[in-house]
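Asks: sequence first, predicted coordinates after that:
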Amino acid sequence: MKSSLVLSVIMLLIFTGCKKDKTPAANGTLMLHLHTNIDTNEADYGDIFADANGRKMSLSMAQFYLSNISILSANGTWATVQGAYILKTVENEEYMVGSVPSGSYTDIRFDVGIDNATNTTAPSTHTSSSAADSVLANTTMWFGNTTQGYIFMNVQGMVDATGGGVANTAFSYQVGSNALLKTVTWPVEDFT
């Protein structure tokens, strides 16, 4: 079944830094605010909305990994937040990415999925209390072996597969593997 489920991510970047005696801080904190949508409607689990083709659908699972998060400074230099992994879920919208150099920025770039080296590790190997390890220790987003690795995106729910106006057919979409790691560059308004 081909579904035209559209998950869009609305990003609000919050970039803050402490100031001491009016001297700019060397680093600030990059935060992301992300939403899960069906077409243009922000969706929670169980909400029923029509997609762009008018087919009604609801979500029972919608989550994906973000990694390799970088921002582009006004002078053209990319700053990457080392070791940052986010598991976007419907329940959470705000995510602290990490520390980046203070300055003016114009774009953000990230991978949807997990980098190749980390994708060959099992969740059970991520045992420290670091934020990255706690995200990577999630066994529900893992195919069950190091050959396949992590599930990069997991979307499940109900859809109107017949055009009858009722979302009553289950769908399930899980994607992963090193070959399907995708980089997204998202131009945003300037931020500091």
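Replies: Good, I have the coordinates. Numbers count the residues shown, from 1 in each chain.

Asks: can we go C-alpha only for contacts and neighbour counts from here?
Replies: Noted.

Asks: buried set for stretch 27-45?
Replies: For stretch 27-45, burial by neighbour count (16 or more other CA atoms under 10 Å) applies to 27-39, 41-44.

Asks: mean confidence score for the strand or helix carrying residue 65?
Replies: Assessed by DSSP states H and E, residue 65 sits inside strand 56-73. Here strand 56-73 scores 95 as its mean pLDDT.

Asks: list the beta-bridge partners for the closest residue to residue 96 other than its chain neighbours.
Replies: With CA to CA, 6 or more residues apart in numbering as the criterion, residue 96 has its nearest non-adjacent residue at 4.5 Å, and that residue is residue 31. In this structure, residue 31 bridges to residue 14, residue 96 when assessed by DSSP bridges.

Asks: confidence score at residue 31?
Replies: Looking at residue 31, its pLDDT reads 92.

Asks: same question, the one 5 residues further on
Replies: pLDDT, the model's per-residue confidence, is 93 for residue 36.

Asks: I figured it hits residue 58, correct?
Replies: No. Judged on CA atoms under 8 Å, residue 36 makes no contact with residue 58 at a distance of 11.6 Å.
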